[in-house]
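build me a model from this:
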Amino acid sequence: MSERPLEGRLIVLGVTGSIAAYKAAELTRALIAAGAEVQTAMTHSAAGFLGPLTLETLTRRRVQLDPLELLADSRIGHIVAADTADAIVVAPATARWMAAMAHGLADDVITAICLASSAPVVVAPAMDGEMWAHPATRANAETLRGFGYTLVEPESGPLASGAVGRGRLAETGRIVAAVSEAVAGRAVRAPDAALRPPLASERRGADLEGRRLVISAGGTAEPIDPVRFIGNRSSGRMGVALAEAALDRGAQVVLVAGTVSVPLPDRAIVRRAETAAQMRVAVLDALPQADALIMAAAVADFRPRRSAASKLAREAGLTLELEPTEDILLEAAELAHARLRPRPILVGFAAETGSLERAPAKAARKHVDLLVANDVTEAGSGFGSDTNRVTIIAPGAAPEPWPALPKRAVADRLLDIIVPLLDARDAARQTGVRDRVKEENRA
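So this is what the prediction gives:
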């Protein structure tokens with residue numbers, strides 16, 4: 001067998017409330033030595049035996065302690081672990097945990113992960129000898145085997161109670177070997193690191209401290225009469241995710257909010273703009289003080305040429321004459337390139353259907369630094385979805401398709417690109433100032 005049989009794999013290690021929990025640190029190190037990335041999960045009783053900080057230091061990932069926990073990007077922690085694990089190993093597994101798992105009682109994070117996952121599961125029990133021998137425990141062990149779980153049975157020797165018997169946690173090498181065998185021949189489930197639970201080193205710092213970002217979110221509602229309008233299905237989730245991500249990284253955010261169906265962050269400066277005309281005014285007013293403009297809003301492309309002052313009667317029928325709305329991003333880009341120094345970074349969004357072929361031409365026409373394009377007809381990528389599958393288009397670069405990700409993860413990745421663009425802009429400006437000063441001094 002290879003010296004690193006778990007290379008590139010994510011292993012979820014569940015630690016339950018046995019005194020043998022202290023051995024989880026050794027097992028974690030062995031799994032990592034075998035090439036694995038490790039995400040740990042602990043029951044609350046296990047945390048009484050072994051502090052989570054120990055495992056967090058070894059794995060560089062936060063220990064999951066509760067099924068209700070959210071990750072920093074708002075994904076549900078145990079679901080992400082369940083969906084991306086190549087294998088789940090529960091070591092030590094107590095008699096209580098085995099009973100709960102055998103009966104599908106998801107009252108702790110480890111059973112929740114196991115129930116939500118199709119990954120192979122390896123269970124290494126540890127308990128007093130009489131508990132292991134009890135018919136109830138034996139029956140539960142057989143039930144777990146019936147699920148397809150691998151049991152690495154306990155060994156004989158001195159137990160915590162002072163007795164000698166069969167109940168000691170199996171040696172670390174046996175457990176690692178069982179995990180390696182469970183994944184042998186299987187493809188890595190989630191090779192993209194962005195899909196896995198995040199590493200602590202990936203948590204973004206305050207790299208937008210002192211920056212001002214203008215972000216638009218939601219759709220627009222172009223009135224037909226006082227009660228009817230032309231609009232679209234945009235919920236505002238993507239724009240709000242961007243605002244929250246920027247705020248978490250220290251930015252001041254002006255959020256220009258159209259029609260939205262999600263809560264707006266309290267920390268943002270919110271400007272309501274429910275029509276394209278109102279959004280144009282709000283965006284252009286905020287642009288001169290912006291370090292970056294991110295137009296995530298889905299602005300209606302057309303509006304009624306005339307809006308009725310009172311509600312139209314159904315019986316009269318309705319024929320609408322439409323006119324195009326303002327191209328806010330194009331106007332903002334023209335203003336920024338012509339008059340604003342330093343020029344803000346310009347990011348547009350393009351909602352397409354069926355194909356992204358038009359997106360590169362649109363990016364060039366609108367003079368943006370980045371265009372984020374997606375096919376809104378694709379499952380998990382449309383309006384109202386919690387996820388998005390986008391392609392990043394930048395001048396002079398090949399389009400960069402991203403996998404389907406939670407919208408918060410898309411927001412963080414996008415800001416990861418914007419931050420160095422801002423830094424490069426400022427460095428170039430400072431270099432230009434220094435060169436100009438040198439020329440003036442020579443004169």
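
spatially nearest residue to Leu371 (excluding sequence neighbours)?
Ranked by CB to CB, 6 or more residues apart in numbering and with sequence neighbours excluded, the top spatial neighbour of Leu371 is Ala363, at 3.8 Å. C-beta: built from backbone N, CA, C; applies to glycine.

got it, and Leu312?
Asp225 (5.0 Å).

list the contacts for that neighbour?
Neighbour list for Asp225: 307-312 [criterion: CB atoms under 8 Å, 6 or more residues apart in numbering].

make it 7 Å
Going by CB atoms under 7 Å, 6 or more residues apart in numbering, Asp225 touches 307-308, 310-312.

which pair in the residues you listed spans the largest distance?
Taking CB to CB, the two most distant members of the contacts of Asp225 are Ser307 and Lys311; they sit 11.4 Å apart.

what about these two, which has more around it?
Ser307 (14 against 11; other CB atoms under 10 Å).

now that one: how far from Arg61?
When distance is defined by CB to CB, to the nearest Å, Ser307 is 54 Å away from Arg61.

isn't the residue nearest to Leu371 up against Gly396?
No. Using CB atoms under 7 Å, Ala363 is not in contact with Gly396, being 10.6 Å away.

now Glu69, nearest residue through space, not along the chain?
Once flanking residues are discounted, Glu69 sits nearest to Gly77: 4.4 Å by CB to CB, 6+ apart.

okay, the one you found: pLDDT?
Note for Gly77: predicted pLDDT of 93.

ok, now how distant is it from Ala309?
Distance, Gly77 to Ala309, by CB to CB: 52 Å.

okay, the two: which has more neighbours?
Gly77 (24 against 7).

contact partners for the more buried one?
Residues near Gly77 by CB under 7 Å, 6+ apart: 64, 69-71, 197.

kindly report the same for Arg196.
Listed by CB under 7 Å, 6+ apart, the contact set of Arg196 reads 10, 84, 190.

give me the number of neighbouring residues for the nearest residue to it once chain neighbours are set aside.
Leaving out its chain neighbours, the residue that sits closest to Arg196 by CB to CB, 6+ apart is Thr84, at 4.7 Å. Using other CB under 10 Å, Thr84 has 22 neighbouring residues.

my guess is Thr84 contacts Asp192, does it?
No. Contact criterion CB under 7 Å: Thr84 and Asp192 do not qualify, at 9.0 Å.

domains in this structure, by residue range?
For the chain, the structural domains run 10-200, 206-299+336-431, going by automatic domain parsing.

in JSON lines: these, plus distance to Leu318.
Shown next, in JSON lines, are these (distance: least, CB to CB, whole Å):
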{"stretch": "domain 10-200", "distance to Leu318": "41"}
{"stretch": "domain 206-299+336-431", "distance to Leu318": "8"}
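
ok, which of these comes nearest Gly317?
Of those, nearest to Gly317 by CB to CB is domain 206-299+336-431, at 13.0 Å.

kindly check the end-to-end length of the closest one for me.
24 Å (CA to CA, to the nearest Å).

next one: it to chain centre, how far?
Here domain 206-299+336-431 is found 17 Å from its chain centre; the criterion is CA atoms, centre = their mean, to the nearest Å.

low pLDDT regions in the stretch 301-443 of the chain?
By pLDDT under 70, the low-scoring segments of the stretch 301-443 of the chain are 432-443.

could you pull out the strands in it for me?
With strands called from DSSP state E, counting those that start in this stretch, the stretch 301-443 of the chain shows them at 302-304, 322-324, 345-352, 370-375, 387-388, 390-393, 400-401, 405-406.

I'd like to know which of these lies nearest to Ile110.
Among those, strand 405-406 comes nearest to Ile110, with 22.8 Å by CB to CB.

tell me the helices and strands packed up against that closest one.
Applying 3 or more CB pairs under 7 Å, 6 or more residues apart in numbering; DSSP states H and E, one finds that strand 405-406 contacts strand 387-388.

strand partners of the strand it packs on, parallel vs antiparallel please.
strand 405-406 (antiparallel) (DSSP bridges).

what about Ile230, how many neighbours?
17.

same check on Arg166?
Count around Arg166 with other CB under 10 Å applied: 16.

which positions in whichever strand or helix holds it come out as buried?
For Arg166, the host element (DSSP states H and E) is strand 164-168. Buried positions in strand 164-168, judged by neighbour count with 16 or more other CB atoms under 10 Å: 165-168.

check stretch 382-390 too.
Within stretch 382-390, the residues that count as buried by 16+ other CB under 10 Å are 382-383, 385, 387-390.

kindly report the same for stretch 101-110.
So, applying 16+ other CB under 10 Å, buried residues of stretch 101-110: 101-102, 106, 108-110.

mean confidence for that stretch?
The pLDDT scores in stretch 101-110 average 96.

how about stretch 165-183?
On average, stretch 165-183 scores 95.

and the host helix or strand of Ala30, what does it pack against?
Assigned by DSSP H and E, Ala30 belongs to helix 24-33. Counting contacts by 3+ CB pairs under 7 Å, 6+ apart, helix 24-33 is packed against strand 10-15, strand 37-42, helix 52-59, helix 172-183.
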